[in-house]
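S.K.: take this sequence and fold it.
(chains A and B)
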2 protein chains.
Amino acid sequence: MMSQLADVTDLATECHAIAERAKAASRKLALAPGSVKNDWLMKASVSLMDRSAEILAENAKDVAAAPSFGLNPAAIDRLTLTPKRLADIARSLVDVAGLPDPVGEVIAASKRPNGLDVSQIRVPLGVIFMIYESRPNVTVDAAALCVKSGNAAILRGGKEALHSNLALYRVLADELEGCGLPPHAVQLVATTDRAAVGYLLALPQFIDLAIPRGGESLIRRVVADATMPVLKHYTGNCHVYVDASADEAMAIDIIINSKVQRPGVCNAAETLLVHSYAASRFLPKAAAMLRGLGVELRGDEQSRVLVPEMEPLQPKDWDTEFLDKILAVGVVDSLDSAIEHIARHSSGHTEVIVTSELSSARKFVASVDSSAVIVNASTRFNDGGELGLGAEIGISTDKYHARGPCGLRELTTTKWVVYGDGQIRI
Amino acid sequence: MMSQLADVTDLATECHAIAERAKAASRKLALAPGSVKNDWLMKASVSLMDRSAEILAENAKDVAAAPSFGLNPAAIDRLTLTPKRLADIARSLVDVAGLPDPVGEVIAASKRPNGLDVSQIRVPLGVIFMIYESRPNVTVDAAALCVKSGNAAILRGGKEALHSNLALYRVLADELEGCGLPPHAVQLVATTDRAAVGYLLALPQFIDLAIPRGGESLIRRVVADATMPVLKHYTGNCHVYVDASADEAMAIDIIINSKVQRPGVCNAAETLLVHSYAASRFLPKAAAMLRGLGVELRGDEQSRVLVPEMEPLQPKDWDTEFLDKILAVGVVDSLDSAIEHIARHSSGHTEVIVTSELSSARKFVASVDSSAVIVNASTRFNDGGELGLGAEIGISTDKYHARGPCGLRELTTTKWVVYGDGQIRI
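M.R.: Got it, this is the predicted structure:
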């Protein structure tokens, strides 16, 4: 943890020191047995509950100051910790302890014709730098996933959550040494000076991966400055395509859940495409339901013939992640047209087809190039917990390294290990 | 393939067109069954032999012009195709056809408690841009590995091999359509204007991965300009550590093979570290053998006490990839010191321990953070063929995505596929 800093030179120096300490800690952490890491997770979980009064008091300071940072009620709600929310955070550490340790997993192994025993094993990446916005639970989640996967964590939360993050961090850090883990396995960058992020992103010799969690502008800023890989998605412009053969009631349930359950998240739907054969029956019903739930519909020409009450769609709406109760609506003449539309406009996050035709399902799954392609279920299932990863540190729409929800395994790399008895190459 | 171009605007436009065509081709190629891709590999292999006269004639033009490009005899040898070498190239296509198709491999699959069938499958990356130097076999190898893994390839070889690359490319491309593969699945950038590389590296919307193959300066140029991920290693500063308990004869065989068998490649050894207990017996013998084979030894102070004939080592020698018959030599006081030395100076490529102590082997393997860590065998085994990948497109020392030799699997990414029957999230 860094103290409040006097000037820019000190800040650059201090960031360098944080990153260097993290790299040194990561080398020890990489050797820590799973039982030691789990011990820390369990002790930290207990300690979060034991010290809840301290944490809630610090959180109250952030909540009191939130209006001065211009936070709206929804953001203040996300910032606020309650005994129930703190208990959930503490329990999440127990959940992570229960997940299999990815470090040391043997991915491939063989004996070569010359007698060499060759294996490819999973090892930690090293040092992970998390940059995130207001929700203080990320401090705990990120620390837990990084340490469990053998990586040192450098945490940098938002200024509006600084007291909360510091309080949570102190609890986590206080348990490290007692468990035999390096004290700098988790560090919090406690200055509110934004320049610290830039200094840290310029240290690829120490930091192996940056993970921004927050709005698109934060992510773009991190990508622009980072000199190491970045695990990220910019936007989730997710599509639901209702095929000619779709079950109508199922399609309505799925589009409503995809759009309305949590409109502000990356795996919410932003565009509804309907096959022209299904549109005349389906669209008026779906539109009435969606509008009844407060969703603003923006329709293309063909769909507005069927539902004239829809707002006229602007071309940019096809490429917009509304993060709100707004839905772009279009009619397509074929499955191929839907696939083409998605290829042109999708951000590669999550796409859904509702269909009863096996051939349509198979073609959609094969042709759509997104991190998750879903048949007859909500877009909202593209999530680490829902897909069975146990926990996620973020969702990647990149293709290099990991794609989709990223759990413990995605925070590792591999190492080839070879045992011989004097073999040379001929 | 692009024609010779008139001016810069045309070149930028043409590069954009090449990349856009590659992306369109990649969408079709991703759906191609393994049998179709193998059919192309087999037909191209036969055609390379059938059209060998044409290929060798074009190669002869490059070889004749080679001195005017300043190529030394070793480089001219690498550029030269012979009937035997062409047969080897043709056979490599058959080998690639025999490898398992990575596309569609199911990596993980489960039924979730809500009945969703969830799987994570392997899919191609999309479009791969290869930038390489004089060896024309890379044209064929890269095209084969890209197409087999379902990726469209854009190939950019060196100007000194342009006629050879064009001839090889024509044979490969002529077989695409007949097999039902998109004609732009493989394209060659046939201008000698270096600016083309820069234009292509600025098109991440079409190109998913850049792979430079060649000297460090080429690789650094590509990394500096690339806006997409780059599969690479800068250098192979590989270490052989001879432990106190090492079998002396084995250690001598291993260091000689690691240093001398092919001094100019990335997995050759550049530094020899010897435990002080072993040094007084081992170093004089090893030094005599190595010097007898023409290796220049550069020793630190402690090692020069034992072998005064060694050149005095300069600090920068610890960080130098000599790519030549030169070896840095040091004496260390412990296994831990060797591990520390390697952590400070290694490029993360390949490190070897020679030891008879199980505990030393295990500690070295666990603590050394390189793409391959080898016990009692030559550094030269860090190679896709030797580790059992069947073929390699390059070696990565990065930790993100793939590390070590990269074969077909490393040219893929993953996609989550979910089948439901109307599930929504609650």
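
S.K.: what residues does the stretch 1-150 of chain A have near chain B?
M.R.: A:27, A:30, A:31, A:108, A:110, A:112, A:116, A:118, A:120, A:123, A:125, A:126 (C-beta under 8 Å from any C-beta of the partner chain). Using the backbone N, CA and C atoms, a C-beta is placed for each residue, glycine as well.

S.K.: the second one: neighbour count?
M.R.: This points to residue A:30. Using other C-beta atoms under 10 Å in any protein chain shown, residue A:30 has 19 neighbouring residues.

S.K.: pretty sure residue A:103 is one of the things it touches, is it not?
M.R.: Yes - counting by C-beta atoms under 8 Å, residue A:30 does reach residue A:103; the two are 7.3 Å apart.

S.K.: give me the common contacts of these two.
M.R.: A:123, A:124, A:150 (C-beta atoms under 8 Å, 6 or more residues apart in numbering or on different chains).

S.K.: is it fair to say the first one lies in a helix?
M.R.: Meaning residue A:123. No - counting by DSSP: H, G, I helix; E, B strand; the rest coil, residue A:123 is not found in a helix; it is strand.

S.K.: so what's it up against?
M.R.: Residue A:123 neighbours (C-beta under 8 Å, 6+ apart): A:30, A:103, A:104, A:150, A:412, A:413, A:414, A:415, B:369.

S.K.: unless I misread the structure, residue A:285 falls within a helix.
M.R.: Yes - Residue A:285: assigned to a helix according to three-state DSSP.

S.K.: what about the nearest residue to it once chain neighbours are set aside, which SS state?
M.R.: Computed as C-beta to C-beta, 6 or more residues apart in numbering or on different chains, the closest residue to residue A:285 that is not its neighbour in sequence is residue A:252, at 6.5 Å. Under three-state DSSP, the three-state class of residue A:252 is helix.

S.K.: residues near residue A:252, how many?
M.R.: The criterion is other C-beta under 10 Å. On that basis, residue A:252 has 19 neighbouring residues.

S.K.: ok, the one 5 residues further on next?
M.R.: Taking other C-beta under 10 Å as the neighbour definition, residue A:257 ends up with a count of 23.

S.K.: surely it is in a strand?
M.R.: No - under three-state DSSP, residue A:257 falls outside any strand and is assigned helix.

S.K.: go ahead and confirm it touches residue A:374.
M.R.: No - the pair residue A:257 / residue A:374 is not scored as a contact, 11.7 Å apart, by C-beta under 8 Å.

S.K.: for the lowest-mean-pLDDT helix or strand in chain A, which positions count as buried?
M.R.: Here the helix or strand of chain A ranked lowest by mean pLDDT, DSSP states H and E is helix A:73-79, holding a mean of 92. Neighbour-count burial for helix A:73-79, counted by 16 or more other C-beta atoms under 10 Å in any protein chain shown, picks out A:75, A:76, A:79.

S.K.: relative to residue A:139, how far out is the residue lying closest to the second one once chain neighbours are set aside?
M.R.: It stands for residue A:76. The shortest distance from residue A:76 to any non-neighbouring residue, by C-beta to C-beta, 6+ apart, is to residue A:66 (4.7 Å). Separation of residue A:66 from residue A:139 (C-beta to C-beta, to the nearest Å) stands at 17 Å.

S.K.: can you pull out the low-pLDDT segments for chain A?
M.R.: A:1-8 (pLDDT under 70).

S.K.: any idea which strand is longest in it?
M.R.: Counting by DSSP state E, the longest strand found in chain A is strand A:412-423.

S.K.: any idea which helix or strand comes after the helix ranked longest in chain A?
M.R.: Criterion DSSP state H: the longest helix present in chain A is helix A:8-29. On the C-terminal side of helix A:8-29, the closest following helix or strand by DSSP states H and E is helix A:34-50.

S.K.: residues in contact with the residue nearest to residue A:285?
M.R.: The neighbours of residue A:252, taking C-beta under 8 Å, 6+ apart as the test, are A:282, A:285, A:286, A:289.

S.K.: ok, of these, which come out buried?
M.R.: Judged by 16+ other C-beta under 10 Å, buried ones among the contacts of residue A:252: A:282, A:286.

S.K.: which one of the contacts of residue A:252 is nearest residue A:57?
M.R.: residue A:289 (45.3 Å; C-beta to C-beta).

S.K.: and the one helix or strand that closest one maps to, how far from the chain's centre?
M.R.: Assigned by DSSP H and E, residue A:289 belongs to helix A:276-292. Distance of helix A:276-292 from its chain centroid, counting by C-alpha atoms, centre = their mean, to the nearest Å, is 32 Å.

S.K.: check which residues of it are buried.
M.R.: Quick answer for helix A:276-292 (16+ other C-beta under 10 Å): A:278, A:279, A:282, A:283, A:286, A:287, A:290, A:291.

S.K.: my guess is the fourth one contacts residue A:308. True?
M.R.: Same thing as residue A:283. No - under the criterion of C-beta under 8 Å, residue A:283 is not in contact with residue A:308, lying 11.2 Å apart.

S.K.: coming back round to it: next, format the buried residues of helix A:276-292 as a markdown table and append distance to residue B:206.
M.R.: Formatted as a markdown table, the buried residues of helix A:276-292 follow (distance: C-beta to C-beta, whole Å):
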| residue | distance to residue B:206 |
| --- | --- |
| A:278 | 34 |
| A:279 | 33 |
| A:282 | 35 |
| A:283 | 35 |
| A:286 | 35 |
| A:287 | 37 |
| A:290 | 36 |
| A:291 | 39 |
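
S.K.: ok and the residue in the stretch 201-350 of chain A nearest chain B?
M.R.: residue A:257 (3.6 Å; C-beta to the nearest C-beta).

S.K.: that residue: what's its closest spatial neighbour, skipping adjacent residues?
M.R.: residue B:424 (3.6 Å).

S.K.: run a quick neighbour tally on that neighbour.
M.R.: For residue B:424, using other C-beta under 10 Å, the count is 19.

S.K.: surely it and residue A:253 touch.
M.R.: Yes - counting by C-beta under 8 Å, residue B:424 does reach residue A:253; the two are 5.5 Å apart.

S.K.: which one is residue A:264 nearest to, not counting chain neighbours?
M.R.: Residue A:264's closest residue in space is residue A:323 (C-beta to C-beta, 6+ apart), at 5.0 Å.

S.K.: so the one you found makes contact with residue A:267?
M.R.: No - counting by C-beta under 8 Å, residue A:323 does not reach residue A:267; the two are 11.3 Å apart.

S.K.: okay, those two: which has more neighbours?
M.R.: Set side by side, residue A:323 and residue A:267 show more neighbours around residue A:267, with 25 against 17, by other C-beta under 10 Å.

S.K.: return the residues in contact with the more buried one.
M.R.: A:236, A:238, A:349, A:350, A:379, A:380, A:381, A:382, A:383, A:395.

S.K.: among those residues, which ones are in strands?
M.R.: Those of the contacts of residue A:267 lying in strands (DSSP E): A:238, A:350, A:395.

S.K.: can I get the residues you listed in CSV with neighbour count and distance to residue A:202?
M.R.: Listed next are the ones in strands among the contacts of residue A:267 as CSV, based on neighbours: other C-beta atoms under 10 Å in any protein chain shown; distance: C-beta to C-beta, whole Å:
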residue, neighbour count, distance to residue A:202
A:238, 30, 34
A:350, 33, 33
A:395, 24, 26
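
S.K.: that's all I had, so thanks and see you.
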